[in-house]
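*Asks:* let me see the structure of the following:
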Amino acid sequence: LAQGLYSGASLDGKPDSVVQTAKLVSRLAEEKNTTPEAIVLAWLMTHPAAIQPVIGTVNPKRILACRDAATLRLTREEWYTLYESTRGKKMP
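*Replies:* Numbering: from 1, shown residues only. Okay, here's the model as predicted:
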């Protein structure tokens, strides 16, 4: 989960694309009544490469924050908007 980069880690000194993506993740989490961690995991699990993410934590609070990811559905538009945001530019 990018060491919390999109779900609450400090963004001081980070590139604009990272800051904007973190804001987008937060907005989507609020709209879908879930956590930023669940949004990031749902994005990964919707990836065409069939990514099987590992959350890499034993912290119960972080694990609970991820619980909605398996049932959360992102629209194609939401998925591509996040993808473009992480790239920092529009898709060709």
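
*Asks:* who touches A42 in this structure?
*Replies:* D68, A69, L72, R73, L74 (Cβ atoms under 8 Å, 6 or more residues apart in numbering). The way it works is simple: take the backbone N, C-alpha and C, and place the C-beta from them, glycine included.

*Asks:* repeat the analysis, applying 10 Å as the threshold.
*Replies:* Contacts for A42 were tallied using Cβ atoms under 10 Å, 6 or more residues apart in numbering; they are 28-29, 32, 34, 53, 66, 68-74, 78-79, 82.

*Asks:* how much space between the spatially closest residue to it that is not a sequence neighbour and L41?
*Replies:* Leaving out its chain neighbours, the residue that sits closest to A42 by Cβ to Cβ, 6 or more residues apart in numbering is L72, at 4.0 Å. Using Cβ to Cβ, to the nearest Å, one gets 8 Å for the distance from L72 to L41.

*Asks:* so which of the two has more stuff around it?
*Replies:* For L72 versus L41, neighbours defined as other Cβ atoms under 10 Å are more numerous around L41 (24 against 19).

*Asks:* dump stretch 25-45 to CSV, keeping only the CA atoms.
*Replies:* In CSV, the C-alpha atoms belonging to stretch 25-45 read as follows (Å, rounded to 0.1, in the frame of the first residue of the first chain):
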residue,chain,number,x,y,z
VAL,A,25,-8.1,8.3,-2.9
SER,A,26,-9.5,10.2,0.1
ARG,A,27,-12.4,11.6,-1.9
LEU,A,28,-13.3,8.2,-3.3
ALA,A,29,-13.1,6.6,0.2
GLU,A,30,-15.5,9.3,1.5
GLU,A,31,-17.9,8.8,-1.5
LYS,A,32,-17.9,5.1,-1.0
ASN,A,33,-18.0,5.2,2.8
THR,A,34,-14.8,3.2,3.3
THR,A,35,-11.1,3.7,4.0
PRO,A,36,-8.3,4.9,1.7
GLU,A,37,-6.6,1.5,2.3
ALA,A,38,-9.6,-0.3,0.9
ILE,A,39,-9.7,2.0,-2.2
VAL,A,40,-6.0,1.4,-2.9
LEU,A,41,-6.5,-2.4,-2.5
ALA,A,42,-9.6,-2.4,-4.6
TRP,A,43,-7.7,-0.6,-7.3
LEU,A,44,-4.9,-3.2,-7.2
MET,A,45,-7.4,-6.1,-7.3
